[in-house]
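1. predicted model and sequence below, questions to follow.
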Amino acid sequence: MARMFTEDELVIASHNDGKLREITALFSGRPFLVTSARTYDLPEPEETEDSFLGNAALKARATAAATGKPALADDSGLVVPALNGAPGIYSARWAGPDKDFILAMQKVESSLAATGGTDRRAHFICALVLCWPDGHEEGFEGRIDGQLVWPPRGDRGFGYDPIFVAEGHDITFGEMEPQTKLAMGHRARAFAGLVDACFA
Ligand code: IMP
């Protein structure tokens, strides 16, 4: 049985504007305050684990310990089977210190071209970990499958959204209404598990 969230504040353990926007929207209307690692001016911990869930747990733990409040972390990324799963847990790092996602998307495209470029399947994974200050943790994962397109299309969303077309769709996440992406994406799927278990 998962632990229920009953506190009056939840700290989102992220500095990523795109994630903060989407997670805050997913919690809208809930009877608690949603703050973030930015609110507390926390440093970004180094992601040293080798899985999405491991890195999410590391970030949630650090934030819960620093603030004394329950913290929710999201570790996510783009997984490309033809690139043996890259960029995967290194999705943010492929954008370099300047967080240049045009560069990161170009890197994905040129790596795919070097493989012959016929298998353009990809999926996004989102791992969410909720950690309490006493160390108790609950973790959830969501996934959405699709295809990569080139050139990038659309200036909505963030990260790799302009090159990702979800199965059953013909526009990229970068072209999609934010609410539509929010309702169907990997983050929403992980979030559904979290809400069922800890916020129902
Ligand atoms: P991290 O979880 O902080 O390691 O960063 C994950 C990276 O994956 C982000 O910086 C984005 O580049 C990428 N990513 C995660 N979720 C999404 C999404 O919903 N759309 C596009 N890119 C994403």
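-> Alright, I've got the coordinates. Residues are numbered from 1 along each chain as shown.
2. find the closest residue to the ligand in this protein.
-> Nearest to the ligand in the chain, going by Cβ to the nearest ligand atom, is residue 159, at a distance of 2.4 Å. Glycine gets a C-beta too; all of them are placed from N, C-alpha and C.
3. using the three-state scheme, assign the residue of the chain most remote from its centre.
-> What lies farthest from the middle of the chain is residue 116; by Cα atoms, centre = their mean that is 28.6 Å. Counting by DSSP: H, G, I helix; E, B strand; the rest coil, the backbone at residue 116 sits in coil.
4. quick check, pLDDT for it.
-> Predicted confidence (pLDDT) for residue 116: 90.
5. same deal with residue 1?
-> Residue 1 carries a pLDDT value of 87.
6. hmm, back to that, list the contacts for the residue of the chain closest to the ligand?
-> When contacts are counted by Cβ atoms under 8 Å, 6 or more residues apart in numbering, residue 159 touches 18, 78, 91-92, 95, 101, 104.
7. where do the strands sit along the protein?
-> 9-12, 33-36, 71-79, 121-131, 137-148, 164-166 (DSSP state E).
8. that older thread, ranking the contacts of residue 159 by neighbours, who comes first?
-> Neighbour counts for the contacts of residue 159 (other Cβ atoms under 10 Å) peak at residue 78, which has 27 neighbours.
9. excluding its backbone neighbours, what's nearest that one?
-> residue 160 (4.6 Å; Cβ to Cβ, 6 or more residues apart in numbering).
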